[in-house]
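In: Below is the sequence, then the predicted model.
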Amino acid sequence: MVAFALLALLLTAAVNLSLGQGVKFVIDSGFIAGSKEQLSSAIIGLIALISLLAVGTFIRFYIMSWLGERVSADIRKAVFSRIVTLHPSYFEENRSGELMSRLTTDTALLQSIIGSSFSMALRSFLMLMGGLVMLLVTNFKLTLIVVVCVPLILVPVMFYGRKVRRLASSSQDAIADIATYAGEIIQNIKVVQSYTHENSERNSFDTEVEKAFTVAKSRVKQRSFLIAAVIFLTFGAISMMLWVGGMDVLSGKMTGGELGAFVFYAIMVAMSVATVAEVYGELQRAAGSATRLLELLKVESDIKESSSPSLMKTGQECVIEFKNVYFNYPSRPDSAALKDINLVIPTGKIVALVGPSGAGKTTLFELLQRFYDPQQGQIKFNETEITQLSLMSLRQEMGMVPQHPILFSSDVWHNIRYGNPQATDEEVIIAAKRAHAHEFIEQLPEGYSSFLGEQGVRLSGGQKQRIALARAILKDPGVLLLDEATSALDAESEHHVQAALNEFMANRTTLIIAHRLATVVHADMIVVMDQGKIIDIGDHKSLLNSSTLYRRLCELQFDKAAEQA
Ligand SMILES: Nc1ncnc2c1ncn2[C@@H]1O[C@H](COP(=O)(O)OP(=O)(O)OP(=O)(O)O)[C@@H](O)[C@H]1O
Ligand SMILES: [Mg+2]
């Protein structure tokens, strides 16, 4: 396509240049010679050239725009396919608004550059070169004026162009800030309104927008200066040429047609220089966008897959083992989230993780799924280090219900089937029943086809949790990870879910994080954590004797329950 576009570009440039000869012919052979026939045939030739120009322009415009759209579509796809594989901590460092702006604004800018500005620049450059050659052919003395003027014009282009480029990239950043800000407010509109922060949010947003405007304003000012300077210089030069050339025609050193053609080419050269100047700023902006996009395309995930991943072994006694694991989040290099974790989780058992908020329970789940890698120690899965397994087989093995259920803006079918896209409708319904979700789903206006809104806003907290649970159940994983999966349910629903889950958890390794200890008293093994360390391990009865922290937690919860009873 690029080759075709270049061909069309060359064709239109050539036709444009030959139009000057047409002008000369019309003036000299038509008007000056006073011949009507010659005038008519000259005009016919002119019309033929113009038709050719129209066809060439159509092809050039179509192909160039096609290229712009194609390139931006391809870049969008490439950027997104890179983003979905990146390590989660990348998204803690880079705000979503910024990434979004790269996917939309930066790619759109590239599209307009390739689709129009770049072709304009290329065409102008060709015309500039061709025009200069034709000028030389037509009249040497006058060309000298042009040649002296062109560098004069190019100096401000270079100077302001660099300024524009710097301002453009900060302009882009300011727009990304706006997007991030608005996105966050819209997502949390209820909190904003409940705390009646509409006015202060409005003011902060206004400040962000004004900041972006100020940056854009100085960019626009630089460009306006640039364009004005170029126009003044070029047309000044043309006037001077007309004066010198007119004198030559009057004294008979040059024909009127030659001067006509010369002015035609000079205007063409001037307009080309002006276009190049205007587009130059745009190209500078695009260079900024392209740099940012390329940076994003070059980011490597911190979670490296082994080049020759081993297969997941099955039927082992010990399914998961943590060995001397130390871990701190990348954003907090000085405080360890997990310290000296040693833990063996046997196959087919139910293991509960309990402990105060911030103890590191969720962090343990994240390491197990390799969202982060520990700085020290090893995690083994069926006696293979998880770094040796392929991410796919490791994560396929686990079904996770996160602490805050995540739903996609779609219907119930889609949200549950996320656990297993191949599942039939019957299987989805069975999973929903196991998560005690079937009843309330049936009562939704359109049952399983009901749209749940963005992030499932149309459901209650407990309903969201049960959909997330059904999703994990449908995945039918070897290891079930429940992070406060029933914390938002009422006692009765929780009882139903527990009953249904007991059957599902039989012979399946299950890790449960729970604050409500009543839900874990029957676990095969309870791990008590505090401040990133494992303090005690045992079952409910033995821990009541051996662990002061566990006993205190139990007393606080069960005494309160007894009191209320
Ligand atoms: N993405 C993160 N970046 C930096 N620090 C984090 C991150 N996530 C959690 N932490 C910190 O790590 C520690 C352990 O957090 P974790 O989420 O594992 O606690 P938890 O035991 O699950 O608590 P809770 O019962 O409240 O859910 C906390 O001190 C927390 O502030
Ligand atoms: Mg947690």
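Out: The structure has been received and is ready for your questions. Ligands and ions are numbered 1, 2, ... in the order given.

In: so how far is the lengthiest helix in the chain off the chain centroid?
Out: When the chain is parsed with DSSP state H, its longest helix is helix 198-250. The chain centroid and the centroid of helix 198-250 are separated by 32 Å, computed with CA atoms, centre = their mean, to the nearest Å.

In: Rounded mean pLDDT for that helix, please.
Out: Taken as a whole, helix 198-250 carries a mean pLDDT of 85.

In: How about the residues of the stretch 401-550 of the chain by ligand 2?
Out: Gln403 (CB under 5 Å from the ion). To be clear about C-beta, it is placed using only N, CA and C from the backbone, and glycine gets the same treatment.

In: Report the secondary structure state of whatever residue of the stretch 401-550 of the chain ends up closest to ligand 2.
Out: At 4.8 Å from ligand 2, Gln403 is the closest residue in the stretch 401-550 of the chain, using CB to the ion. In three-state terms, and counting by DSSP: H, G, I helix; E, B strand; the rest coil, Gln403 is coil.

In: Could you pull up the mean pLDDT of stretch 390-401?
Out: In the prediction, stretch 390-401 has an average pLDDT of 90.

In: So that stretch, near ligand 1 or not?
Out: No: Stretch 390-401 is not in contact with ligand 1 by CB under 6 Å from any ligand atom; minimum separation 13.2 Å.

In: Can you list the low-confidence ranges for the stretch 51-200 of the chain?
Out: Applying pLDDT under 70 to the stretch 51-200 of the chain picks out no residues at all.

In: Closest residue of it to ligand 2?
Out: For the stretch 51-200 of the chain, CB to the ion, closest residue to ligand 2: Pro88, 14.8 Å.

In: How about the contacts made by the closest residue to that residue other than its chain neighbours?
Out: In space, and not counting its chain neighbours, Pro88 is closest to Phe371: 4.7 Å by CB to CB, 6 or more residues apart in numbering. Shown here is Phe371, whose contacts under the criterion CB atoms under 8 Å, 6 or more residues apart in numbering are His87, Pro88, Ile303.

In: What of Trp66?
Out: Trp66 neighbours (CB under 8 Å, 6+ apart): Met1.

In: what helix or strand is it on?
Out: Assigned by DSSP states H and E, Trp66 belongs to helix 36-83.

In: following that helix, which helix or strand comes up?
Out: helix 88-93.

In: After that following helix, heading C-terminal, what element do we hit next?
Out: helix 96-101.

In: need the next SSE after that next one, C-terminal direction.
Out: Using DSSP H and E, the helix or strand that follows helix 96-101 in sequence is helix 107-112.

In: which strands and helices sit next to that next one?
Out: If you count contacts as 3 or more CB pairs under 8 Å, 6 or more residues apart in numbering; DSSP states H and E, helix 107-112 packs onto helix 36-83, helix 256-298.

In: Buried deepest among the ones you listed, which one?
Out: helix 256-298 (a mean of 20; mean count of other CB atoms under 10 Å).

In: The helix or strand just after it pairs with which strands, parallel or anti?
Out: Counting by DSSP H and E, the next helix or strand C-terminal to helix 256-298 is strand 318-327. Counting by DSSP bridges, the strands paired with strand 318-327 are strand 338-346 (antiparallel), strand 376-381 (antiparallel).

In: For strand 318-327, give me every contacting residue.
Out: Contacts for strand 318-327 (CB under 8 Å, 6+ apart): 336-347, 363-364, 367-368, 372, 374-383, 478-479, 509.

In: Quick check: closest non-adjacent residue to the residue of the stretch 401-550 of the chain closest to ligand 2.
Out: Asp483 (4.4 Å).

In: if I read this right, the one you found contacts Pro405, doesn't it?
Out: No: contact criterion CB atoms under 8 Å: Asp483 and Pro405 do not qualify, at 9.9 Å.

In: And whatever residue of the chain ends up closest to ligand 2, how close does it get to Tyr329?
Out: For the chain and ligand 2, the shortest gap (CB to the ion) falls at Thr362, measuring 3.1 Å. As judged by CB to CB, to the nearest Å, Thr362 and Tyr329 stand 11 Å apart.

In: same check, this time on Gly252
Out: In terms of CB to CB, Gly252 sits 87 Å off from Tyr329.

In: And the two? Which one has more around it.
Out: The neighbour comparison of Gly252 against Tyr329 (other CB atoms under 10 Å) goes to Tyr329, with 15 against 7.

In: so who does the more buried one touch?
Out: Listed by CB under 8 Å, 6+ apart, the contact set of Tyr329 reads Ser89, Ala337, Thr363, Tyr372.

In: For it, what is the enclosing helix or strand?
Out: Tyr329 belongs to no helix or strand, assigned by DSSP H and E.

In: For Val220, see how far away it is.
Out: 43 Å.

In: one step back: using the three-state scheme, assign the residue of the chain closest to ligand 2.
Out: Classification of Thr362 using three-state DSSP returns helix.

In: Could you do Val428 as well?
Out: Applying three-state DSSP: Val428 is helix.

In: right, and it touches His414 too?
Out: No: when contacts are counted by CB under 8 Å, Val428 is not listed as touching His414 (10.0 Å).

In: between the two, which one's more packed in?
Out: Using other CB under 10 Å, the more surrounded residue of Val428 and His414 is Val428, with 24 against 17.

In: where's Ser18 relative to Ala78, distance?
Out: Relative to Ala78, and taking CB to CB, Ser18 is found at 42 Å.

In: cool, and Ser449?
Out: 34 Å.

In: what do you get for Gly538?
Out: 52 Å.

In: Whatever residue of the stretch 101-250 of the chain ends up closest to ligand 1 is in what secondary structure piece?
Out: Across the stretch 101-250 of the chain, the shortest distance to ligand 1 (CB to the nearest ligand atom) belongs to Glu184, at 17.3 Å. Assigned by DSSP H and E, Glu184 falls within helix 140-187.

In: elements contacting that helix?
Out: Packed on helix 140-187, when contacts are counted by 3+ CB pairs under 8 Å, 6+ apart, are helix 96-101, helix 118-138, helix 198-250, helix 256-298.

In: among those, which is nearest Glu439?
Out: helix 96-101 (35.4 Å; CB to CB).

In: who's in contact with Val2?
Out: With the criterion set at CB under 8 Å, 6+ apart, Val2 makes contact with Leu67.

In: Just the pLDDT at it, thanks.
Out: Reported pLDDT for Val2: 86.

In: can you offset everything so residue one is 548?
Out: All set: I'll call the first residue 548, so the last point we hit is now Val549.

In: separation between it and Ser666?
Out: 11 Å.
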